[in-house]
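Novice: have a look at this prediction, sequence included:
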Protein chains: 2
Amino acid sequence: MDEVFRAIADPTRRAVLDELVDRDGQSLFEICTRLTMKHGISSSRQAISQHLDVLEAAGLVVTRRDGRFKFHYFNGAPLAAIAQRWLQAKGNNS
Amino acid sequence: MDEVFRAIADPTRRAVLDELVDRDGQSLFEICTRLTMKHGISSSRQAISQHLDVLEAAGLVVTRRDGRFKFHYFNGAPLAAIAQRWLQAKGNNS
DNA sequence: TTGACAGGCAAGCGTCAGCTTGCGTATCAT
DNA sequence: ATGATACGCAAGCTGACGCTTGCCTGTCAA
């Protein structure tokens, strides 16, 4: 759970999650391309790869290998309990 | 919004939020005392003060001065939109 | 088989976050 | 007034993070 908070702390990793939500099952190069196009992020391939490792370690991204390609899938399950941690006990804060 | 993610990335700041949810309106020394007691965190007063500054800059903590004391109040409003960013509608990026 | 493609591993570097330390300021009790 | 209390400000240090660089492995097409 600690890794989830650290994973979403980085704006580049949040953009990766945005991209996977918009189009699930992308490969590393696809993510790199679309990050530069749509989000204006000009990081190297290795940088994005390391970000994906962090996201995968946090359980926010699940991967599947197929030949040379490694497809990345979004998993929002760890995010469900984040906001609920402080918002559930005290009722609904607007 | 970027500061909110960074604020909750630190485990000590998350413990501060837990403490304020459990008992709202504490002063700095109260927070320091209860952090060491209940959460086993042995940070100095200045360290906690700097954490509170980060939380206040993120809008997660609202303060009120009364004489020598500065009372800290929890505000969960910025947290509401965090998990919803990836779990709800697609295309709502900030 | 050869070369291009997709991705991984590991060392090194610059920067920033978190913490400490020391001193300063404002408020309150005695 | 004087000391104690509650907190703020700012410089310095250290470790971690994000990124680059270089080289390597594995896969597929021609």
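Specialist: Received it, and whenever you're ready, just let me know what you need.

Novice: got the phi and psi for whichever residue of chain A sits closest to DNA strand D?
Specialist: Taking Cβ to the nearest atom of the strand, DNA strand D has its nearest neighbour within chain A at A:Gly67, 2.3 Å off. Just so you know, the C-beta spots here come from the backbone N, C-alpha and C atoms, and that holds for glycine as well. Torsion angles at A:Gly67 (phi, psi; degrees, to the nearest 10) stand at phi 70, psi -130.

Novice: what about it, how many neighbours?
Specialist: By the criterion of other Cβ atoms under 10 Å in any protein chain shown, A:Gly67 has 5 neighbours.

Novice: what about A:Arg34, how many neighbours?
Specialist: 19.

Novice: ugh, typo on my part, it should be A:Val62
Specialist: Neighbour number of A:Val62 under other Cβ under 10 Å is 14.

Novice: what's the spacing between it and A:Phe5?
Specialist: According to Cβ to Cβ, to the nearest Å, A:Val62 stands 19 Å off from A:Phe5.

Novice: what's the answer for A:Val54, then?
Specialist: Distance from A:Val54 to A:Phe5, by Cβ to Cβ: 12 Å.

Novice: with A:Asp66 instead?
Specialist: 31 Å.

Novice: neighbour count for the two, which is higher?
Specialist: Using other Cβ under 10 Å as the criterion, A:Asp66 and A:Phe5 rank with A:Phe5 on top: 20 against 8.

Novice: what strand or helix carries the more buried one?
Specialist: helix A:2-7 (DSSP states H and E).

Novice: and what of A:His72?
Specialist: Assigned by DSSP H and E, A:His72 falls within strand A:69-74.

Novice: do the helix or strand following that strand and chain B meet?
Specialist: Remark: after strand A:69-74, the chain's next helix or strand is helix A:77-87, criterion DSSP H and E. Yes - judged by Cβ under 8 Å from any Cβ of the partner chain, helix A:77-87 comes into contact with chain B at A:Leu79, A:Ala80, A:Ile82, A:Ala83, A:Gln84, A:Arg85, A:Trp86, A:Leu87.

Novice: any idea how far B:Ser42 is from the fifth one?
Specialist: Right, A:Gln84. 29 Å.

Novice: and those two? Which one has more around it.
Specialist: Set side by side, A:Gln84 and B:Ser42 show more neighbours around A:Gln84, with 12 against 9, by other Cβ under 10 Å.

Novice: flag every residue of chain A that's near chain B.
Specialist: Contact residues, chain A versus chain B (Cβ under 8 Å from any Cβ): A:2, A:5-6, A:8-9, A:11, A:14, A:17-18, A:21-22, A:74, A:76, A:79-80, A:82-87, A:89-90, A:93-94.

Novice: all set now, cheers.
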